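Chemist: dropping the sequence and predicted coords here.
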Amino acid sequence: MSLIRLDIKGISYSQTQNGAYALILNEVEGTRKLPIVIGAFEAQSIAIALEKEIKPPRPLTHDLFKSFSDRFDIKVKQVIIHKLVDGVFYSSLICERDKIEEIIDARTSDAIALALRFKAAIFTYEAILDKAGVFLSQEKPSDSDPLSKKIISSNLEPLRDNDELVNLSGISLETLNEMLIEAVKNEDYESAVRIRDEISKR
């Protein structure tokens, strides 16, 4: 399976999941985005690594890992998001020491926080992007892609009704696909993650 390189587009705050954030990864040579829900600490760590001018007074956990690795000449060469099960992404750190490579299992949020500090490339597989990727581009997507269907109705159900989360299980797959396109178009990444996970379950 071929690897597809990703970079970080940004982080958005979740309005419905308290303390959660959506990390948006961008396909480097394509138009698909990969939204991943992460916790507040990991979001802060990634944001600090992205903002070069911000330096915390004491090292964060990921900074400590970087310092420890540097001291013992361990390099993180790349991060691979290799599996998606029930909406949970699984990642591996490809590390090297004394020209010997080791693969270490990691949470995706931690893996990306470390990738930024090591300037390591982030990859995933085509199958994962096919399953969980969403289009965010204004370009006209392919008619053959199941997630790129034209929106039939602009009056789709919102994901929140009187501040309560809408249950997606009773919504048809066709409508979910339409809702996903609408959420992505509006840059509502958190809703797009929920809809995408519901589609993946089916």
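Modeler: Ah, there it is. This is a predicted model, so every value here is computed, not measured.
Chemist: quick check: closest non-adjacent residue to the residue sitting nearest the centre point of the chain.
Modeler: With distances taken as CA atoms, centre = their mean, the residue of the chain nearest its centroid is Ile36 (3.1 Å). Distances taken as CB to CB, 6 or more residues apart in numbering place Leu23 nearest to Ile36, at 4.7 Å, with adjacent residues excluded. Placement of C-beta: from N, CA and C, glycine included.
Chemist: go on, Ser67?
Modeler: Pro59 (6.5 Å).
Chemist: for the one you found, helix, strand, or coil?
Modeler: coil (DSSP: H, G, I helix; E, B strand; the rest coil).
Chemist: now it: how far from Tyr21?
Modeler: Plainly put, Pro59 is 21 Å away from Tyr21 if you go by CB to CB, to the nearest Å.
Chemist: who's more crowded, those two?
Modeler: Tyr21 (23 against 13; other CB atoms under 10 Å).
Chemist: for that one, grab phi and psi.
Modeler: In terms of degrees, to the nearest 10, the main-chain angles of Tyr21 are phi -130, psi 160.
Chemist: so what's it bridging to?
Modeler: Counting by DSSP bridges, Tyr21 is bridged to Tyr13, Ile38.
Chemist: grab the nearest non-local neighbour of Asp105.
Modeler: Ser92 (6.0 Å).
Chemist: which element is the one you found on?
Modeler: strand 88-97 (DSSP states H and E).
Chemist: strands paired with that strand, and their directions?
Modeler: strand 75-85 (antiparallel), strand 100-107 (antiparallel).
Chemist: between the very next helix or strand once past the last one and strand 75-85, how many degrees?
Modeler: Proceeding C-terminally, strand 100-107 gives way to helix 108-118 as the next helix or strand, assigned by DSSP H and E. Angular relation of helix 108-118 and strand 75-85 on a 0 to 180 degree scale: 160 degrees, by axes from the mean of the first three to the mean of the last three CA atoms, to 10 degrees.
Chemist: tell me what helix 108-118 is packed against?
Modeler: If contacts are counted by 3 or more CB pairs under 8 Å, 6 or more residues apart in numbering; DSSP states H and E, helix 108-118 sits against strand 20-27, strand 32-39, helix 40-50, helix 61-71, strand 75-85, strand 88-97, strand 121-125.
Chemist: that concludes my questions; thank you for your assistance.
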